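In: got a predicted model here, sequence first, then my questions.
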Amino acid sequence: MFRKVIWSLVEIDYLQKHLHDPVNQLCIQLSKSRSAVQNKLKELSGSPRSKKAPIKRPMSKIGRRPDCNNLFFRSGWEANCFRLLSRDPLIKLIEYEPTTFSFTNWGILKGTVSYTPDFRITYIDGSYEWIEIKGGWLKPTDKTKIKRFKKYFPEEFKHLVAVTPGEKSKTAQFFLSEGIPIKWYYPDINQKNRKIIPGWE
């Protein structure tokens, strides 16, 4: 007997907003089987997805946001996190990709030679955090960047937090396994803020 796949309202809302993402990526983000995701996609769209013509992520996700100090972001997740951070009265400064940490001083001259966190936020008390936002599948190079940052910049690594898909996602589990706190699970903040914060994507 097959177990019925249970879909929460948050998961369905997430899937509706990411209908054009690769199925494999959606499986990872939602911690669902491929068949479960494909069946739900078919139900939501009314037609099966073509396997021969992968659909690219809409380019509107990449670009400048006038409501975010005209900053350039690579995804809607980054833009939305900026919008949410901007509403925190305890944050004094938000910087997008302000620093690149190079590993070349340790003889690493090929492959993954540097790491650039997505945000640095500075609080009014002078403390700060580096924020890494990972909305999808972690490539091997992504994992290598994090591990090398941990190894070669241990003091800065202590300030690193992450924004990930749901807590059961492999992305979230990787960050937790490396000792990186999860600042937000994106489906949670999306559900809470999408109808409240102007411009939310």
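Out: Perfect, thanks for sending it.

In: list the buried residues of stretch 120-138.
Out: 120-121, 129-138 (16 or more other C-beta atoms under 10 Å). All C-beta atoms are positioned from the backbone trio N, CA, C, and that covers glycine.

In: in helices, which of the residues you listed appear?
Out: Nothing among the buried residues of stretch 120-138 maps onto helices, per DSSP state H.

In: redo these as JSON lines? Include pLDDT and distance to residue 189.
Out: Below are the buried residues of stretch 120-138 laid out as JSON lines (pLDDT from 0 to 100; distance: C-beta to C-beta, whole Å):
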{"residue": "120", "pLDDT": "98", "distance to residue 189": "19"}
{"residue": "121", "pLDDT": "98", "distance to residue 189": "15"}
{"residue": "129", "pLDDT": "98", "distance to residue 189": "16"}
{"residue": "130", "pLDDT": "98", "distance to residue 189": "18"}
{"residue": "131", "pLDDT": "98", "distance to residue 189": "13"}
{"residue": "132", "pLDDT": "97", "distance to residue 189": "15"}
{"residue": "133", "pLDDT": "96", "distance to residue 189": "11"}
{"residue": "134", "pLDDT": "93", "distance to residue 189": "14"}
{"residue": "135", "pLDDT": "82", "distance to residue 189": "12"}
{"residue": "136", "pLDDT": "75", "distance to residue 189": "16"}
{"residue": "137", "pLDDT": "78", "distance to residue 189": "20"}
{"residue": "138", "pLDDT": "87", "distance to residue 189": "20"}
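
In: what's the closest of those residues to residue 160?
Out: Ranked by distance to residue 160 (C-beta to C-beta), the buried residues of stretch 120-138 are led by residue 130 at 4.6 Å.
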